[in-house]
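>>> task: produce atomic coordinates for the following.
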Amino acid sequence: MLRILCLLLVPLAVAGDVVVKSTNSGPERLLIFIPGGKVPAENYKLTAEAIVTAATGLNLTVVVPSVFKDLCIISCFSTYACSSLKSTIDTAVAKSGFISTNPKEDTFVAGHSLGATCGSNLVVGYSYNYAGLLEFGGYTDKDGETSVANYSIPVLTMAGELDGGGARPGKLALYYEQFKEYATKHGEDKALTLKPVHSLLGVDHSNFCPGFFVTATKDLCAEVSQDEGLQAIGKASAAFLHLNSPTTSSVKAAALATMHEMLDVSRKLFEPYLEAFEYERGGSWCKLAQRSISGLSKEDAGKLQVEMEVVPFKGFQHGHTKYSPVEGGGLKVTDIASYEEAGGFGPYDIHGAAKSIDCKMVGGDRIAEQMQVKTNLNTTCGAMNRLAVETALELLPEKSKKRYLAQTRRVCYGEDKFVFQNIGPLFVKGSITVKETEACLEVASLALISTLAQAIYPGSHYCKLLSPAMALEWMMTDGLKPFPYDLTAESCKKKGGFQEIVV
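Numbering: from 1, shown residues only. Purely as a prediction, here's the structure:
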């Protein structure tokens, strides 16, 4: 049972709403906490208490409004249609007794899961007239004015390491990248104050709403007790609130120290993804693939020069390889590299990994002809898929690797599949095979080989390849789930994960 310093808290029962008030001295602040989809406000009471308990430098009131049908999105489905939710919130806040003097200074908005979407809609819809936004198990837009990079008020993006839905590490890594770029320009301390992005070790999506197992997002089982999860959530939230309120210098210093501690964890989880994403974006994976596909011996491999032309996928169809002899019997080739955005075994846009890395390369037979050497013409696209899995394993944080290797499901490989009649547009529109089964993740490349004897682009070898980031995604999240998915709070308890809470 969660241990709360009861003397610091004054819980109020308000017609379905949850209100938790601190009796601390310090600046008076309000945190509006919007519930996740289908989750009753009551399931955020312990979370609110954990935040208030940790926010020792503030006289904090947390209001969790009870929203229509427990779905905030009905009342706030866009930035232009949020007045109904705003009215619900205003009524709940009025009942709490908190009186704002300037919401731009004294009122923060938080949301969990779908509530994070509503929270951002509310903030943007009302011209950012709030002191800050806390996104729990959710996020702002990936780009544009409402991205982390451009958000005009402080925004905390935070989820559990074992979130099984859209706020998994593989998605938050995209927001961490924006944090990192901001820190490079403005300093790490300022970035940790205004745009922190964190993942909490061992915490899952359901830890934010004790007593409600969020099966709709295919959650994973937490590896910490609910008490430990709430303490981590409360500590991080309080640090963000302290840094963006007029607290004492000692309180701010402690808050910043907390943010730095959390950043050490986040780096270990997110940096591997950034490295994996670079294989997709920079063309280096196709460059490796060309060297594999060339079939050259070790003695001749050094004579092959590979240059990449990286293009967006919409331009991939119109890109074509080039080759030219170089002095000393070598050959320079220019390949076309692209990638297809998120897809694969999970729903669209729940992670940052590419559906596939797509490469147009010069075939081994053309290389043999031009260099006047023998090449191995039996090399396949699939060899690179094995390398992608090996690369992902090397990138995995040690704890994550142990967790993945303790599971029974791995990646298994099928033979390359080929395009009918070597028709180029069919290759472009076709897909790599990435299929989740009870036994493994089945992966098979799509290939097109146009030999020297063929009339259209002879001496070409095209591949759609597994991205190391997609392999990483499988190891960090989806490969840990049962198939078919059947997790419940009770089954997680039996595994020693999710802990029941006595409210």
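>>> do a quick rundown of the helices in the stretch 1-150 of the chain.
Secondary structure of the stretch 1-150 of the chain by DSSP state H, counting those that start in this stretch: the helices cover 45-54, 72-75, 83-96, 103-106, 114-125.
>>> buried stuff in the second one?
By 16 or more other C-beta atoms under 10 Å, the buried positions in helix 72-75 come out as C72, I73, S75. (Each C-beta comes from the backbone N, C-alpha and C, glycine too.)
>>> dump the residue contacts of the second one.
Okay, so that is I73. G37, L114, T117, C118 (C-beta atoms under 8 Å, 6 or more residues apart in numbering).
>>> now the last one: closest residue in space that isn't a chain neighbour?
Leaving out its chain neighbours, the residue that sits closest to C118 by C-beta to C-beta, 6 or more residues apart in numbering is C72, at 3.9 Å.
>>> next: the first one.
Using C-beta to C-beta, 6+ apart and skipping residues adjacent in sequence, the residue nearest G37 is L114, 3.6 Å away.
>>> and that neighbour, how many neighbours?
Counted with other C-beta atoms under 10 Å, residues neighbouring L114 total 23.
>>> ok, now how distant is it from E145?
According to C-beta to C-beta, to the nearest Å, L114 and E145 sit 21 Å apart.
>>> same check, this time on Y462
Applying C-beta to C-beta to Y462 and E145 gives a distance of 38 Å.
>>> please identify which of the two sits among more neighbours.
The neighbour comparison of Y462 against E145 (other C-beta under 10 Å) goes to Y462, with 27 against 11.
>>> ok, the more buried one touching M361?
Yes - between Y462 and M361 there is a contact at 6.9 Å, judged by C-beta atoms under 8 Å.
>>> and for M361, the neighbour number?
M361 is flanked by 26 other residues according to other C-beta under 10 Å.
>>> surely it touches Y457?
No - between M361 and Y457 there is no contact, the gap being 11.3 Å when judged by C-beta under 8 Å.
>>> what's the overlap in contacts for those two?
Common neighbours of M361 and Y457 are listed as T321 (criterion: C-beta under 8 Å, 6+ apart).
>>> kindly export the host helix or strand of E473 (C-alpha atoms) in PDB.
Using DSSP states H and E, the element containing E473 is helix 468-476. Output of helix 468-476 as PDB, limited to C-alpha atoms (Å, rounded to 0.1, in the frame of the first residue of the first chain):
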ATOM      1  CA  PRO A 468      18.400  -2.200 -37.100                       C
ATOM      2  CA  ALA A 469      15.900   0.200 -35.400                       C
ATOM      3  CA  MET A 470      13.000  -2.100 -36.200                       C
ATOM      4  CA  ALA A 471      15.000  -5.000 -34.800                       C
ATOM      5  CA  LEU A 472      15.700  -2.900 -31.700                       C
ATOM      6  CA  GLU A 473      12.000  -2.200 -31.400                       C
ATOM      7  CA  TRP A 474      11.200  -5.900 -31.400                       C
ATOM      8  CA  MET A 475      13.800  -6.500 -28.700                       C
ATOM      9  CA  MET A 476      12.800  -3.600 -26.500                       C
END
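>>> any low-confidence regions in this structure?
Counting by pLDDT under 70, the chain contains low-confidence ranges at 1-15, 216-217, 343-348, 495-503.
>>> rerun that using 50 as the cut-off
Where the chain drops to pLDDT under 50, the residues are 1-14, 498-503.
>>> and the gap between the residue nearest to G37 and R366?
53 Å.
>>> ok, V389 next?
In terms of C-beta to C-beta, V389 sits 29 Å off from R366.
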